[in-house]
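[1] give the three-dimensional model of this entry:
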Amino acid sequence: MKLKLALLAASMLTAAGPAAADLTFPMLSYRTGAYANNGIPFADGYHDYLTLVNERDGGIGGEKIRITECETAYNTEKGVECYESTKGEGALIYQPLSTGITYQIIPKATADGIAIHSMGYGRTSAADGKVFKWVFNYPGTYWDAASVMVKHIIDVEGGDVSGKTIALLYHNSAYGKEPIRTLEELSKKHGFKLQLLAVDHPGLEQKSQWLEIRRSRPDYVLMWGWGAMNPTAIQEAANVRYPMDHFIGVWWSGSENDVKQAGDRADGYKAVTFHGVGDDYPIYDDLKTHVTDKGLAAGAGDQLGTVLYNRGMYAAMLAVEAAKTAQEIHGTAAIDAAMMRDGMEALEITEEKMAALGLPGFGPAFSVSCADHGGPGIGMIQQWDAKAGEYTIITDQIEPDREVIGPLIEEDASAFAAEAGIEPRACE
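    Below is the predicted model of the structure:
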């Protein structure tokens, strides 16, 4: 059924009876603590996009969005408490913005029948939809990011990294440890040495790690950092004169807040990304008209166009498009959590749709399926231009190494299914 026919039917049902409840989108955010400098812009972008849809479009299919924000301070226990306190309010989808929280609420949300979208983070093997029916991490995963970063290094090195040393400077948590297995397999395949350097929470003390980097001088340093760890690492790299163009962060280590404290010394720093940078997109005209000019912007309203604001906005956009898909599938605007999950699994993002939404060329075209909840994993490399005060995309889209990642996902998902007593779904 076409969407407009489905929504017409839904409006007729609403007219005949009591009004349906709003569509509830909880926000597990963190505007306080050591990770607030990264949590705030993402939360603002997520909130502002949902506000835009309410103000400009009257909601999704005529149903207003209700935003319920709960502060986690990037603390796993608080995150679980936020989940428990908001799930009964008609929650349709959770975006935990924390790998630790995601790991903890996967079994809870699965039992409760509420979808999780851990976009570019969380448990990578949740990309296997046969095992993780209620968890999605499209358009890419940590393991995709690791592969894209290594592919970029291989390209810079003219196709050969055998004998090179690549160090991983990582947050000593579930988040930071996520790429290690993939990097180990990639090191076997390509012949580079992998050096592991853990940084304890919150990441403000890194003297010993950077003294080791100065001593051993790895050819490249990859960073899996977040919050206060990121600017600290970039300043320490500058202190030991490590070449910034050989220092590459994951997509959670590539915001403006990460580089600005180091000033000109951060020039040339790189990070992988799965979406565009800056505010040169038509959607920002709509945000100005319907959100900022009305005084409805989240937070201080000063994050628009930043890397993590864009990412939060992108996550909200994908959630809204999944809700629209769910409405079309089920012929009603008043969708529930199970219907929302169906919409996420049938989500298709085309270049034409992105352009119509005011984000032309912003992210990859992709579709989700029963078996594949992870998306294409395509990434690009952005580089910090200190003089201009902005990131620029310096590569074409880079595809991850599925020959390495695919078997790792299957192995980990199968182990989880066996441990949890899950019978994998049969997907066509």
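[2] for the longest helix seen in the chain, the distance to its chain's centre please.
    Taking DSSP state H as the criterion, the chain has its longest helix at helix 307-330. Offset of helix 307-330 from its chain centre (CA atoms, centre = their mean, to the nearest Å): 12 Å.
[3] what is it packed up against?
    When contacts are defined as 3 or more CB pairs under 8 Å, 6 or more residues apart in numbering; DSSP states H and E, helix 307-330 packs onto helix 3-16, strand 23-29, helix 36-57, strand 115-117, helix 337-345, strand 348-349. (Glycine included, C-beta is placed from N, CA and C.)
[4] closest one to residue 256 among these?
    Ranking the helices and strands packed on helix 307-330 by their distance to residue 256 (criterion: CB to CB) puts helix 36-57 first, at 8.4 Å.
[5] how about residue 110, nearest residue that isn't a chain neighbour?
    In space, residue 110 comes closest to residue 134 once its chain neighbours are excluded; the distance is 4.8 Å by CB to CB, 6 or more residues apart in numbering.
[6] and the one you found, how close does it get to residue 24?
    In this view, residue 134 and residue 24 are 17 Å apart by CB to CB, to the nearest Å.
[7] settle it for me: which of the two has more neighbours?
    With neighbours defined as other CB atoms under 10 Å, residue 134 and residue 24 compare such that residue 134 has more, 23 against 18.
[8] quick check: that one touching residue 107?
    No: using CB atoms under 8 Å, residue 134 makes no contact with residue 107, being 9.9 Å away.
[9] give me the number of residues near residue 243?
    12.
[10] can you report phi and psi for it?
    For residue 243, the backbone dihedrals (degrees, to the nearest 10) come out as phi -60, psi 120.
[11] got the confidence number for the closest residue to it other than its chain neighbours?
    Of all residues not flanking residue 243 in the chain, residue 268 sits nearest, at 7.5 Å (CB to CB, 6+ apart). In this model, residue 268 is scored at 98, pLDDT.
[12] what's the burial count for residue 268?
    When neighbours are defined as other CB under 10 Å, residue 268 has 15 of them.
[13] what pLDDT does the model give residue 21?
    So residue 21 comes in at 58 (pLDDT).
[14] picking up where we left off before, adding distance to residue 248, write the helices and strands packed on helix 307-330 out as JSON lines.
    Compiled in JSON lines, the helices and strands packed on helix 307-330 are given as follows (distance: least, CB to CB, whole Å):
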{"stretch": "helix 3-16", "distance to residue 248": "41"}
{"stretch": "strand 23-29", "distance to residue 248": "27"}
{"stretch": "helix 36-57", "distance to residue 248": "17"}
{"stretch": "strand 115-117", "distance to residue 248": "26"}
{"stretch": "helix 337-345", "distance to residue 248": "31"}
{"stretch": "strand 348-349", "distance to residue 248": "26"}
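[15] closest one to residue 206 among these?
    Per CB to CB, nearest to residue 206 of the helices and strands packed on helix 307-330: helix 36-57, 16.5 Å.
[16] which strands or helices does the host helix or strand of residue 355 pack on?
    Assigned by DSSP states H and E, residue 355 belongs to helix 351-356. If you count contacts as 3+ CB pairs under 8 Å, 6+ apart, helix 351-356 packs onto no helix or strand.
[17] using CSV, write down the CA coordinates of it.
    Taking Å, rounded to 0.1, in the frame of the first residue of the first chain, the C-alpha atoms of helix 351-356 are listed here in CSV:
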residue,chain,number,x,y,z
GLU,A,351,20.5,8.9,-3.0
GLU,A,352,17.2,10.4,-4.2
LYS,A,353,15.7,10.1,-0.7
MET,A,354,18.7,11.8,0.9
ALA,A,355,18.5,14.6,-1.6
ALA,A,356,14.7,15.0,-1.0
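[18] off-centre distance for that helix?
    The answer for helix 351-356 is 20 Å, by CA atoms, centre = their mean.
[19] buried sites along that helix?
    Buried residues in helix 351-356, counting neighbours by 16 or more other CB atoms under 10 Å, are found at residue 354.
[20] same check on stretch 247-267?
    The neighbour-count check on stretch 247-267 (16+ other CB under 10 Å) flags 247-259, 262, 265-267 as buried.
[21] the residue nearest to residue 110 and residue 372, how far apart?
    For residue 134, the distance to residue 372 equals 15 Å [CB to CB].
[22] hmm, residue 394 is touching residue 383, no?
    Yes: counting by CB under 8 Å, residue 394 touches residue 383, with 4.9 Å between them.
[23] looking at those two, which is more packed in?
    Taking neighbours as other CB under 10 Å, residue 394 and residue 383 compare with residue 383 leading, 19 against 13.
[24] for the residue lying closest to residue 326 once chain neighbours are set aside, list the residues it contacts.
    Leaving out its chain neighbours, the residue that sits closest to residue 326 by CB to CB, 6+ apart is residue 343, at 2.8 Å. Residue 343 makes contact with 322, 323, 324, 325, 326, 327, 328, 329, 335, according to CB atoms under 8 Å, 6 or more residues apart in numbering.
[25] and residue 218, by the same measure?
    165, 166, 167, 195.
[26] can you do 6 Å?
    Shown in contact with residue 218 (CB atoms under 6 Å, 6 or more residues apart in numbering): 165, 167, 195.
[27] repeat that for residue 350.
    Counting by CB under 6 Å, 6+ apart, residue 350 touches residue 365.
[28] those strands in the stretch 51-200 of the chain, which residues are they?
    In the stretch 51-200 of the chain, the segments counted as strands under DSSP state E, counting those that start in this stretch are 65-71, 93-94, 115-117, 135-136, 165-171, 193-199.
[29] CSV for these, including mean pLDDT?
    Converted to CSV, those look like this (pLDDT from 0 to 100):
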stretch, mean pLDDT
strand 65-71, 96
strand 93-94, 98
strand 115-117, 98
strand 135-136, 98
strand 165-171, 98
strand 193-199, 98
